[in-house]
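Asks: The sequence isn't on hand, but the structure is:
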Ligand code: ADP
Ligand code: MG
């Protein structure tokens, strides 16, 4: 890039091949890209939303309507569009639900900003207006939100249900919601008066086959492994568990060693020696009273034989992450050198058992020392269904956690968004006139949620919007859309409830992202390592 100062001597600032888009052009490009992403997600919002089929570069297929999953699987390249992908990811990490909504809302905020810019409003005024409106909306949100009794398991289940209603698995959502609530309640801890929930304590294990209704909650841990030797016991009560992250094998030497064996006696002596060493290893394990061994590495055939002979149940090649979970659940220490192994390193569980699940075998560790370790064994007809069940369970676990940590709820079906829009609109008259314009557009943007929900259900959006607004003007703050009969109804009565924090995060994150995009008036891109397609044209439409 060249710039000239007064005397006409060029000054080189950027490397050759860099591109730049400035001012309005840059802004409109960014808005256009972000809006495209939001438009793509719109049709999958809500219980009547459609699913997307995504095929990745190696042909793997994913079917989902989960916003963050769709965006993660799409290979998005435009920098402004990437900001929206980030927003969905943050929403997922913070609260676990509302990932489609946050992107749809951000897209609408940008679209409205574009309209305001066309009318001559400066982007920084829009940003200012949006920020104030956002702050106010969150304040109103907590004025409206009501407390939820965290001991009311039924209410918690309703929260889980709302998050799952929109998913492929809705036919089974009742039982899945129950599993999610039980799982979260069992890993909940009180740390000096504060509720702490680590969802990593819940192990979700997927196993093809059966039906979604065979999905179960297990009080303990499930390993997708089988007992290593057929002569070993398949069931051990009062298990004493050793966790090893070393192989029960004779190590190969690192350098090439050649041993000359001249006669049969030498060969058998050599094999005997090897067998002795393996036996010693097994004897050590047995001597301290272990009756179950989980090994992260391999177990030699001979070692298997001795373990089986001693009535020990052993599993090999256990994943590192599972070893860590086992250690936490049973209280066992992971050992990397057998000489260090002592009785105090052993963990405990009431039962370790191999069971047949579908055509495969899995090992269950139940009644662990730490009662907080639970697993959800997800079943279902095919890989894609199981994956979607897993994502639905993830959302359900997250929302239950959310309300336990911050026990405030609002209602869904677009009700809260309409109410917030109304209040923000009323409040906006206190702002200076230009910011007021932005705040009014902010309020209007919030209504994109009920409108999209209605649109996806094939309802008449104008009728629905008018009816919703009039109900809310009359103070019926819980009125939203019942998407199953297309009627405007009291969502609190229908118990379509959601954590307030999901809405808070949605509003804040969408505002932040749209403001971030609105502040950009210059896009300077370095030239990339060229690939064949890129050589043929500019990377982003409108940029050159
Ligand atoms: P997100 O990824 O944003 O969570 P979803 O596809 O899960 O998107 O849809 C969430 C929206 O669907 C929320 O606005 C929620 O209020 C609404 N919703 C969920 N269940 C119902 C229902 N039974 N009736 C009406 N709206 C519902
Ligand atoms: Mg959801």
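Replies: Everything's here; your move. Values in this document were obtained by computation on a predicted structure and should not be read as measured data. Residues are numbered from 1 along each chain as shown. Ligands and ions are numbered 1, 2, ... in the order given.

Asks: What strand or helix carries whatever residue of the stretch 251-400 of the chain ends up closest to ligand 1?
Replies: Minimum separation of the stretch 251-400 of the chain from ligand 1 (Cβ to the nearest ligand atom) falls at residue 395, amounting to 7.0 Å. No exception for glycine: its C-beta is placed from N, CA and C like everyone else's. Residue 395 is located in helix 383-405, with elements delineated by DSSP states H and E.

Asks: and what of residue 441?
Replies: With DSSP H and E as the criterion, the answer for residue 441 is helix 433-446.

Asks: for that helix, which positions count as buried?
Replies: 434-446 (16 or more other Cβ atoms under 10 Å).

Asks: for these, which one is nearest ligand 1?
Replies: Nearest to ligand 1 among the buried residues of helix 433-446: residue 446, at 11.2 Å, using Cβ to the nearest ligand atom.

Asks: Would you check how far apart the closest one and ligand 2 are?
Replies: 17 Å (Cβ to the ion, to the nearest Å).

Asks: what about the closest residue to residue 28 other than its chain neighbours, distance to residue 29?
Replies: Leaving out its chain neighbours, the residue that sits closest to residue 28 by Cβ to Cβ, 6 or more residues apart in numbering is residue 114, at 7.1 Å. Between residue 114 and residue 29 the computed distance is 11 Å (Cβ to Cβ, to the nearest Å).

Asks: Of all pairs in the buried residues of helix 433-446, which one is the farthest apart?
Replies: Maximum pairwise distance among the buried residues of helix 433-446 (Cβ to Cβ): 20.0 Å, between 434 and 446.

Asks: and residue 429, what does it touch?
Replies: With contacts defined as Cβ atoms under 8 Å, 6 or more residues apart in numbering, residue 429 is in contact with residue 436.

Asks: Residue 436 versus that one, what's the distance?
Replies: Taking Cβ to Cβ, one finds residue 429 at 7 Å from residue 436.

Asks: I'd guessed the residue nearest to residue 28 sits against residue 31; true?
Replies: Yes - in terms of Cβ atoms under 8 Å, residue 114 counts as a neighbour of residue 31; the distance is 5.1 Å.

Asks: quick one: average confidence on stretch 326-337?
Replies: Taken as a whole, stretch 326-337 has a mean pLDDT of 91.

Asks: and the end-to-end length of it?
Replies: 18 Å (Cα to Cα, to the nearest Å).

Asks: List the buried residues for it?
Replies: For stretch 326-337, burial by neighbour count (16+ other Cβ under 10 Å) applies to 326, 327, 328, 329, 330, 331, 332, 334, 335.

Asks: sorry, back to before: more neighbours: residue 114 and residue 29, which one.
Replies: The neighbour comparison of residue 114 against residue 29 (other Cβ atoms under 10 Å) goes to residue 29, with 20 against 16.

Asks: Spell out the secondary structure type for the one residue in the chain that gets nearest to ligand 2.
Replies: In the chain, the residue that lies nearest ligand 2 is residue 97 (4.4 Å; Cβ to the ion). Of the three states, residue 97 takes coil under DSSP: H, G, I helix; E, B strand; the rest coil.

Asks: Could you give the number of residues near it?
Replies: 31.

Asks: thought it was touching residue 395?
Replies: Yes - with contact defined as Cβ under 8 Å, residue 97 reaches residue 395; the gap is 4.9 Å.

Asks: Mutual contacts of the two, please.
Replies: residue 163.

Asks: pLDDT at residue 82, what is it?
Replies: Reported pLDDT for residue 82: 90.

Asks: Start at 8, not 1
Replies: Sure thing, new numbering starts at 8, so read that last one as residue 89.

Asks: show me what contacts the residue of the stretch 208-357 of the chain found nearest ligand 1?
Replies: Taking Cβ to the nearest ligand atom as the measure, the stretch 208-357 of the chain has residue 219 as its residue closest to ligand 1, at 18.0 Å. Each residue near residue 219 by Cβ under 8 Å, 6+ apart is listed here: 176, 178, 179, 183, 386, 387, 388, 392, 396.

Asks: Now residue 356: phi and psi?
Replies: Dihedral pair for residue 356: phi -150, psi 150, per degrees, to the nearest 10.

Asks: For it, list each beta-bridge partner.
Replies: residue 246, residue 375 (DSSP bridges).

Asks: What is the burial count for it?
Replies: Residue crowding around residue 356 was assessed by other Cβ under 10 Å; the count is 28.

Asks: list the contacts for it?
Replies: 227, 246, 248, 299, 336, 337, 372, 373, 374, 375, 376.

Asks: picking that back up, can you check the pLDDT for the residue of the stretch 258-407 of the chain closest to ligand 1?
Replies: 92.

Asks: Quick check, residue 214 in contact with residue 231.
Replies: Yes - assessed by Cβ under 8 Å, residue 214 is found in contact with residue 231 at 6.9 Å.

Asks: Look at those two and report which has more neighbours.
Replies: Neighbours per residue (other Cβ under 10 Å) separate residue 214 from residue 231, with residue 214 holding more: 19 against 16.

Asks: what residues are up against the more buried one?
Replies: Residue 214 neighbours (Cβ under 8 Å, 6+ apart): 231, 364, 365, 367, 369, 384, 385, 386, 393.

Asks: Could you find the lowest-pLDDT member of these?
Replies: On pLDDT alone, residue 365 ranks lowest of the contacts of residue 214, at 80.

Asks: so what's the nearest residue to that one once chain neighbours are set aside bridging to?
Replies: Nearest in space to residue 365, with sequence neighbours left out and distances taken as Cβ to Cβ, 6+ apart, is residue 216 at 3.2 Å. Counting by DSSP bridges, residue 216 forms beta bridges with residue 387.

Asks: Can you tell me the number of residues neighbouring residue 216?
Replies: 14.

Asks: wait, doesn't it sit right on residue 364?
Replies: Yes - using Cβ under 8 Å, residue 216 is in contact with residue 364, at 7.5 Å.

Asks: any shared contact partners between the two?
Replies: Residues touching both residue 216 and residue 364 by Cβ under 8 Å, 6+ apart: residue 386.

Asks: ok, back up a step: just the buried members of the contacts of residue 219?
Replies: Buried among the contacts of residue 219 by 16+ other Cβ under 10 Å: 176, 179, 183, 386, 387, 392, 396.
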